[in-house]
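Q: curious how this folds, go ahead:
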Amino acid sequence: MNDLPHCETLLLNLENGVLHVTLNRPDSRNAMSLAMVGELRAILDAVRHEPEVRALVLRGADGHFCAGGDIKDMAGARARGGDAYRELNRAFGALLEEAQAAPQVLVAVLEGAVLGGGFGLACVSDVAIAASDARFGLPETTLGILPAQIAPFVVHRIGLTQARRLALTAARMDGAEALRLGLVHHCEADAAALQQRLQDTLAQIRQCAPQANAQTKALLLASEREALGPLLDRAAEQFAAAVTGAEGVEGTMAFVQKRKPKWAQ
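A: Prediction:
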């Protein structure tokens, strides 16, 4: 694949088809600066058409995922007026849209602070793995502001009733409660168990054909916004193309020959 963009706020490691992306601003518990938003969007754009990148693992440095938006960025925007605030806020919403639509499987590893923008990133992941002692919350209203770009993704993830409770009380919860609400898929008791769950998840992803996964993810997301009949018509066309395509032929032959398909080896 082409070289990845240079990043100041992220650590990148591409290994066996998995791009590990670590938010790396530990002095601020990996708060989401405008620079970090821009770098994350650049990384997503760089790998969008790279089929050898099968999954993206997003986590934070030094025991915290992300403590939300960078207050210093908001203070800097104050001097530039309302347009700067709007652009700053909307850039993060664009990141959430792009992360959710990424053709790769997006795995979030959630430790320590998972607040505000970090909570939003958790909500757009395909697989979320939390430490039991992680702390989740939407603290925006305690600062006199709104979870403006995050709110729709939270509602889609956990439902309107729970989203209202969390957003309007700024209540904190741990990994076990996040699991109960459906925000995360796994809750692990310690670092070793968290890492093992990540490795098991990546092993499962590697069993799946990359293009089939990308198309399936797009189909699932489209089911929330498209009319059923036209969606099923398009899905039937995609199915027919997949059966006769390279992955479909390889998968069928591997099954008949009792071997792993090429993408799982």
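
Q: mind listing what's buried in stretch 2-13?
A: Within stretch 2-13, the residues that count as buried by 16 or more other C-beta atoms under 10 Å are 4, 7, 9-10, 12. (Each C-beta comes from the backbone N, C-alpha and C, glycine too.)

Q: now swap in stretch 159-179 and tell me
A: Buried residues in stretch 159-179, counted by 16+ other C-beta under 10 Å: 162-163, 166-167, 173, 175, 177-179.

Q: where does this protein dip in pLDDT?
A: 1, 75-82, 265 (pLDDT under 70).

Q: longest helix in it, by number of residues?
A: If you go by DSSP state H, the chain has its longest helix at helix 82-101.

Q: for it, buried residues please.
A: 84-85, 88-89, 92-93, 95-96, 98-100.

Q: returning to that earlier point: out of the buried residues of stretch 2-13, give me the two with the largest separation.
A: L4 and T9 (13.7 Å; C-beta to C-beta).

Q: who touches both of the two?
A: Among the neighbours of L4, none is also in contact with T9 (C-beta atoms under 8 Å, 6 or more residues apart in numbering).

Q: how near is Q196 to Q207?
A: Distance from Q196 to Q207, counting by C-beta to C-beta, to the nearest Å: 17 Å.

Q: same thing with T9?
A: Counting by C-beta to C-beta, the gap from T9 to Q207 is 33 Å.

Q: P26 too?
A: In terms of C-beta to C-beta, P26 sits 34 Å off from Q207.

Q: what do you get for S132?
A: Following C-beta to C-beta, the distance that separates S132 from Q207 is 27 Å.

Q: more neighbours: the two, which one.
A: S132 (16 against 10; other C-beta atoms under 10 Å).

Q: wait, that one touches E177, no?
A: No. Counting by C-beta atoms under 8 Å, S132 stays clear of E177, with 10.0 Å between them.

Q: quick revisit: distance to A236 for the buried residues of helix 82-101 - can I get that in JSON lines?
A: Listed next are the buried residues of helix 82-101 as JSON lines, based on distance: C-beta to C-beta, whole Å:
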{"residue": "A84", "distance to A236": "47"}
{"residue": "Y85", "distance to A236": "46"}
{"residue": "L88", "distance to A236": "43"}
{"residue": "N89", "distance to A236": "40"}
{"residue": "F92", "distance to A236": "37"}
{"residue": "G93", "distance to A236": "33"}
{"residue": "L95", "distance to A236": "33"}
{"residue": "L96", "distance to A236": "30"}
{"residue": "E98", "distance to A236": "28"}
{"residue": "A99", "distance to A236": "29"}
{"residue": "Q100", "distance to A236": "25"}
